[in-house]
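A.B. asks: Sequence unavailable; structure follows:
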């Protein structure tokens, strides 16, 4: 990322040739999307979901372990592609055909790495969905779960549904490269635009796979620092589910320049605009949660407010003022990814703040102890040292009142029994 920014610092070539710049751009996109943001949110889910639903642990411990340890090997394959003949693929993180057919062996390593990263995400999602559905505490219904659990339940279904589509796309690319097929090769009767349709059918749900867990993070932080329950819990759940469903119906708004019919473009434009309704519900509920709350502006709350303003209000208002619909739609994925990074930062800060406050609460107080008032014995020692210096006799421990009453009852009972069993003559003599 630093190399990319240094190269773009001013016009012209500064540090690297165009091929290396494209390779860095491709690897940066793949590593950040599949190797940084998604694993980070899966890690949050692994830590927090069992706590929030009252489970002892995640459902499948071995699957969890496997899904994690695949990541270093997949990342290593991506880095190794730089050292292959021809270098890393310079096709962009979208891996568009027909560029993928012209790359060297680094492209094959990238395809294998994408398969491994997809396997990791699918296994993590299966684990999260199973944990939420089957391991909630007694009495915790779905509509009583914290909203972070809801957002990850929905994200898990998105991952399970969309990642196999990406796997199919890169597998068809692999067979085009090595097995003589022509899925995306126009010379053999294929269609390069078909790859774009298949990729973006995965790619747009991927935008919300990144964004929806961030919505859950913000939905936890704002009520915590507003000292109020989340406003409109049920509407937040339905809005999140609506966004997830609509995300599968708008993929071609990434493809307005490929020559689609006008009717198709209009459909995807209106369907994309429809997502603004549940998104607006979420923003309204966040603001309503803060309204008249006992707000405290710790760092996590500041980041959460910045998330709402930057990703949901400011950019949309600016694009509307410019009346640039295509630009507005084009910028949404980048905005959501920016918001996901911000939400990750919020979550880390909230976790650090919680740990610090817990540690401060557990530590013994360092305040000076106020001396207690002198007891009568201390006064006696000051007045009569000799008397006070005498060893005090150990007092007999006082039995509880209930034990004393029990002994008195037993004594009276023994007295009655003795009087009743004495002969009559003896009783008369005694009288």
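C.D. replies: The structure has been received and is ready for your questions. The structure displayed is predicted, hence computed values, not measured ones.
A.B. asks: low-confidence ranges in the stretch 301-431 of the chain?
C.D. replies: Segments of the stretch 301-431 of the chain classed as low confidence (criterion: pLDDT under 70) are 312-403, 416-431.
A.B. asks: quick one: contacts for residue 274?
C.D. replies: Contact analysis of residue 274 by CB atoms under 8 Å, 6 or more residues apart in numbering lists residue 246. To be clear about C-beta, it is placed using only N, CA and C from the backbone, and glycine gets the same treatment.
A.B. asks: quick one: pLDDT of it?
C.D. replies: Residue 274 is assigned 92 on the pLDDT scale.
A.B. asks: Distance of residue 142 relative to residue 209?
C.D. replies: 20 Å (CB to CB, to the nearest Å).
A.B. asks: neighbour-wise, which of the two wins?
C.D. replies: A direct count of neighbours by other CB atoms under 10 Å for residue 142 and residue 209 places residue 209 higher, at 27 against 12.
A.B. asks: Verify the contact between that one and residue 160 for me.
C.D. replies: No - taking CB atoms under 8 Å as the definition, residue 209 is not a contact partner of residue 160, at 10.5 Å.
A.B. asks: so where does residue 155 fall, helix or strand?
C.D. replies: Residue 155 is located in helix 147-178, with elements delineated by DSSP states H and E.
A.B. asks: what's in contact with stretch 40-54?
C.D. replies: For stretch 40-54, using CB under 8 Å, 6+ apart, the contacting residues are 55-58, 64, 67, 121, 124, 127-128, 131-132, 135-137, 140, 145-146, 148-149, 152, 155, 210, 213-214, 217, 340, 344, 347.
A.B. asks: Show me which of those are buried.
C.D. replies: Neighbour counting by 16 or more other CB atoms under 10 Å classes 55, 58, 64, 67, 121, 124, 127-128, 131-132, 135-136, 140, 145-146, 148-149, 152, 155, 210, 213-214, 217, 340, 344, 347 among the contacts of stretch 40-54 as buried.
A.B. asks: follow-up on the earlier one: residues shared between the contacts of residue 209 and residue 160?
C.D. replies: By CB under 8 Å, 6+ apart, no residue touches both residue 209 and residue 160.
A.B. asks: ok, how many other residues are close to residue 120?
C.D. replies: Residue 120: 24 surrounding residues under other CB under 10 Å.
A.B. asks: count of residues packed around residue 199?
C.D. replies: Number of residues near residue 199 (other CB under 10 Å) recorded here: 24.
A.B. asks: Report the spatially closest residue to it, excluding sequence-adjacent ones.
C.D. replies: Closest residue in space to residue 199, ignoring its immediate chain neighbours: residue 169 at 5.2 Å, by CB to CB, 6 or more residues apart in numbering.
A.B. asks: and if you look at residue 136?
C.D. replies: In space, residue 136 comes closest to residue 53 once its chain neighbours are excluded; the distance is 4.6 Å by CB to CB, 6+ apart.
A.B. asks: how much space is there between that neighbour and residue 38?
C.D. replies: Look at residue 53 and residue 38: by CB to CB, they are 22 Å apart.
A.B. asks: same deal with residue 261?
C.D. replies: For residue 261, the distance to residue 38 - CB to CB - is 34 Å.
A.B. asks: Could you do residue 252 as well?
C.D. replies: Going from residue 252 to residue 38 by CB to CB gives 24 Å.
A.B. asks: Looking only at neighbour counts, state which of those two leads.
C.D. replies: Taking neighbours as other CB under 10 Å, residue 252 and residue 38 compare with residue 38 leading, 25 against 21.
A.B. asks: mind checking the SS state of the closest residue to that one other than its chain neighbours?
C.D. replies: In space, residue 38 comes closest to residue 121 once its chain neighbours are excluded; the distance is 5.9 Å by CB to CB, 6+ apart. Under DSSP: H, G, I helix; E, B strand; the rest coil, residue 121 falls in the helix class.
A.B. asks: Next up, the contacts around residue 121.
C.D. replies: 34, 38, 42, 67, 159, 163.
A.B. asks: neighbours of the third one, just the number please.
C.D. replies: Using other CB under 10 Å, residue 42 has 26 neighbouring residues.
A.B. asks: Also the first one?
C.D. replies: Other residues within reach of residue 34 by the criterion other CB under 10 Å amount to 25.
A.B. asks: I'd like the average pLDDT over the host helix or strand of residue 43.
C.D. replies: When elements are assigned from DSSP H and E, residue 43 belongs to helix 38-53. Averaging the model's pLDDT scores along helix 38-53 yields 92.
A.B. asks: Show me which residues of it are buried.
C.D. replies: By 16+ other CB under 10 Å, the buried positions in helix 38-53 come out as 38-42, 44-46, 48-50, 52-53.
A.B. asks: ok, these vs residue 79, which is closest?
C.D. replies: Distance to residue 79 across the buried residues of helix 38-53 (CB to CB) is lowest for residue 39, with 15.9 Å.
A.B. asks: Which helix or strand contains residue 295?
C.D. replies: Per DSSP H and E: residue 295 is located in neither a helix nor a strand.
A.B. asks: residues near the residue nearest to it when sequence neighbours are not counted, how many?
C.D. replies: Take residue 295 and drop its neighbours on the chain: the residue closest to it by CB to CB, 6+ apart is residue 226, 5.6 Å away. If you count neighbours by other CB under 10 Å, residue 226 ends up with 22.
A.B. asks: Thought residue 288 was touching residue 226, still the case?
C.D. replies: No - taking CB under 8 Å as the definition, residue 226 is not a contact partner of residue 288, at 9.9 Å.
A.B. asks: now residue 13, what's its secondary structure?
C.D. replies: Going by three-state DSSP: residue 13 is coil.
A.B. asks: same thing with the one 10 residues further on?
C.D. replies: At residue 23, secondary structure determined by three-state DSSP is helix.
A.B. asks: and it, what does it touch?
C.D. replies: Contacts of residue 23 by CB under 8 Å, 6+ apart are 82, 87-90.
A.B. asks: same thing with residue 19?
C.D. replies: Contacts for residue 19 (CB under 8 Å, 6+ apart) come out as 87, 90.
A.B. asks: which element is it on?
C.D. replies: Secondary structure assigned from DSSP H and E places residue 19 in helix 18-32.
A.B. asks: do residue 236 as well
C.D. replies: Using DSSP H and E, residue 236 maps to helix 233-246.
A.B. asks: Next, the angle helix 147-178 makes with that helix.
C.D. replies: 10 degrees (axes from the mean of the first three to the mean of the last three CA atoms, to 10 degrees).
A.B. asks: Kind regards, and thank you for your time.
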